[in-house]
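Trainee: coords please:
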Amino acid sequence: MADQSTELRETVRKRYAASALQVTQGDGAACCGAGPVEVDDSFGSALYAADDRDALPADALAASLGCGNPTAVADLHAGERVLDLGSGGGIDVLLSARRVGPAGKAYGLDMTEEMLALALANAAKAGAANVEFLKGTIEAVPLPAGTIDVVISNCVINLSTDKPAVFAETFRVLRPGGRVGVTDVVAADTLTPDQRAERGDYAGCIAGALSFAEYRAGLEAAGFAEVEITPTHPVADGMYSAVIRAVKPSGAPSR
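Mentor: Numbering: from 1, shown residues only. Next comes the predicted model:
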């Protein structure tokens, strides 16, 4: 099982490294295996408001691979500290940095060197001073416990081969009262893992998706409360982009 997980992670890493290189070489990004970002409206920068797109470097838009816009659902406030799990080319980090202002900070976490290089270049083009990009995996976040106000993510948690670890790490880094506002691909409860795999591959954001019930159970097992999972649009038969919100209880310790 460990070998299979390692192999899947490497497949994902190679897919997104190639996407970053496509952007830097001027060929456009592959969107969760679905082609150039503007071809399929289920994924990519088309899901962002025009005002947001206009304020960002072109390469940040071209590298947008997500299934939603988590910064629009996370209700960010000035002065907050935000962490983006699987930050890719940096689009959600840059938007978060604008929303939290100079008194706040936006962190981006990614395991892919090519994406991190692209994100740093995009941050420089945007003149964003309140951002920091970290290399690492979303199953082992390189930040201290209880230091983040909001965790966001855009169509990345489905790519993890150890989702309980992702939920536990998210809970750990959040301060008591902190919140989650992510977008992700979620499967209908009636679909088996095999049926999900029939609809798309793992690196394409489909085969590894949790069902609605599994996602809720995973967050609650990690300690989260007020879990809300709201589908927004279909991405495959019985598969949906969804907004997921949850809160770390105010009295909860950081594990």
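
Trainee: can you name the residues bridging to the closest residue to Arg179 other than its chain neighbours?
Mentor: Excluding its sequence neighbours, the residue lying closest to Arg179 (C-beta to C-beta, 6 or more residues apart in numbering) is Val247, at 5.0 Å. (Each C-beta comes from the backbone N, C-alpha and C, glycine too.) Using DSSP bridges, the bridge partners assigned to Val247 are Arg179, Ala225.

Trainee: so what's Val247 up against?
Mentor: 177-180, 224-226 (C-beta atoms under 8 Å, 6 or more residues apart in numbering).

Trainee: got a pLDDT number for it?
Mentor: pLDDT for Val247: 98.

Trainee: ok, now Ala18?
Mentor: pLDDT, Ala18: 59.

Trainee: returning to that earlier point: so which of the contacts of Val247 would you say is closest to Ala117?
Mentor: Val180 (27.7 Å; C-beta to C-beta).

Trainee: tell me the contacts of that closest one?
Mentor: 150-152, 170, 174, 219, 224, 244-247.

Trainee: which of the helices and strands in the protein ranks last by mean pLDDT?
Mentor: Ranked by mean pLDDT, DSSP states H and E, the weakest helix or strand in the chain is helix 58-62, scoring a mean of 48.

Trainee: strands of the stretch 51-200 of the chain, residue ranges please.
Mentor: Applying DSSP state E, counting those that start in this stretch to the stretch 51-200 of the chain gives strands spanning 81-85, 105-110, 131-135, 148-154, 174-187.

Trainee: got the angle for the fourth one vs strand 105-110?
Mentor: Here strand 148-154 runs at 40 degrees with respect to strand 105-110, directions being taken by axes from the mean of the first three to the mean of the last three C-alpha atoms, to 10 degrees.

Trainee: closest one of the contacts of Val247 to Asp75?
Mentor: Distances from Asp75 to those, taken by C-beta to C-beta, are shortest for Arg179, at 8.1 Å.

Trainee: how about Tyr202, phi and psi?
Mentor: According to degrees, to the nearest 10, the main-chain angles of Tyr202 amount to phi -70, psi -50.

Trainee: that one: neighbour count?
Mentor: By the criterion of other C-beta atoms under 10 Å, Tyr202 has 21 neighbours.

Trainee: my guess is it contacts Leu159. True?
Mentor: Yes - Tyr202 lies in contact with Leu159 (C-beta atoms under 8 Å); the separation is 7.2 Å.

Trainee: let me see the contact set for Asp239.
Mentor: If you look again at residue 239, you'll see it is Met, not Asp. Contacts of Met239 (C-beta under 8 Å, 6+ apart): 185-188, 191, 196, 199-200, 206, 209.

Trainee: switch these over to CSV; also include distance to Gly127 and neighbour count.
Mentor: Formatted as CSV, the contacts of Met239 follow (distance: C-beta to C-beta, whole Å; neighbours: other C-beta atoms under 10 Å):
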residue, distance to Gly127, neighbour count
Val185, 33, 30
Val186, 36, 27
Ala187, 40, 27
Ala188, 43, 17
Leu191, 44, 18
Arg196, 41, 23
Arg199, 41, 17
Gly200, 37, 20
Ile206, 36, 22
Ala209, 36, 30
